[in-house]
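J.: only the shape, not the letters, is given here:
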């Protein structure tokens, strides 16, 4: 059995979308904070949260009587809204002057937000927590590398480039959302 799936690793990477957190790193840099340290801790906190969700999420299905197909539809709608919001809603400047608050904002909701949590719970339910775990690890290794590189480059990053790449990621996110919704509808109606 192959425990690593390029598709799942890529999907988690797109959901986590480290590029969307670069504005928070830029704000931290403007306040003279150590952005490399912030990037490292934020990815570590987001990873720990993702692993916890991987193991606890499926139990919540049973506890609340949620079916896999209904969660697919709900998660798909959430991903679709997040993609639409990324494309059309301008980003708000979040407050946060302390390093800890910046790390918290980046770790969740920016890196491991509702969409990532929904996806990990869904995949954990479908595949099993131990099969999904190496995919989460690989995704966050990639996220960590990309995020650290952004932290090194943040003094030279152009906001327009960040916006364009975030919108491209949003399109992939919306495609994943439609796939989840369609799979949920097919499952509920037995199509």
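T.: Structure received. All figures in this text were calculated on a predicted structure; none of them were measured in a lab.

J.: low pLDDT regions in the protein?
T.: By pLDDT under 70, the low-scoring segments of the chain are 1, 89-97.

J.: residue 64 versus the residue nearest in space to the middle of the chain, what's the distance?
T.: Centroid check for the chain by CA atoms, centre = their mean gives residue 16 as the closest residue, at 2.3 Å. Remark: distance between residue 16 and residue 64 (CB to CB, to the nearest Å) = 25 Å. Quick note: C-beta positions are derived from backbone N, CA and C, even for glycine.

J.: next: residue 115.
T.: Distance of residue 115 to residue 64, given as CB to CB: 19 Å.

J.: repeat for residue 58
T.: 11 Å.

J.: between the two, which is the more surrounded one?
T.: Just comparing residue 58 and residue 64: by other CB atoms under 10 Å the higher neighbour count belongs to residue 58, 20 against 8.

J.: got the contact list for the more buried one?
T.: For residue 58, the contacting residues are 121, 124, 125, 129, taking CB atoms under 8 Å, 6 or more residues apart in numbering as the criterion.

J.: out of these, which is nearest to residue 190?
T.: Distances from residue 190 to the contacts of residue 58, taken as CB to CB, are shortest for residue 125 (19.1 Å).

J.: which of the helices or strands spans the nearest residue to the closest one once chain neighbours are set aside?
T.: Excluding its sequence neighbours, the residue lying closest to residue 125 (CB to CB, 6 or more residues apart in numbering) is residue 58, at 4.6 Å. Secondary structure here is read from DSSP states H and E; on that basis residue 58 sits in helix 35-64.

J.: need the contacts of residue 58 in CSV with distance to residue 34, can you?
T.: Below are the contacts of residue 58 laid out as CSV (distance: CB to CB, whole Å):
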residue, distance to residue 34
121, 33
124, 34
125, 38
129, 34
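
J.: adding secondary structure and neighbour count, write those residues out as TSV.
T.: Putting the contacts of residue 58 into TSV (DSSP: H, G, I helix; E, B strand; the rest coil; neighbours: other CB atoms under 10 Å) gives the following:
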residue	secondary structure	neighbour count
121	helix	23
124	helix	23
125	helix	21
129	helix	19
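
J.: looking at the residues you listed, spot the one nearest residue 77.
T.: residue 121 (14.7 Å).

J.: contacting residues for residue 116?
T.: If a contact means CB under 8 Å, 6+ apart, then residue 116 has 12, 15, 16, 50 as its contacts.

J.: hey, where'd the helices end up in the protein?
T.: With DSSP state H, the ranges of helices along the chain come out as 6-16, 22-30, 35-64, 68-88, 99-105, 114-127, 129-153, 159-189.

J.: compute the inter-axis angle for the longest one and helix 114-127.
T.: It refers to helix 159-189. 40 degrees (axes from the mean of the first three to the mean of the last three CA atoms, to 10 degrees).
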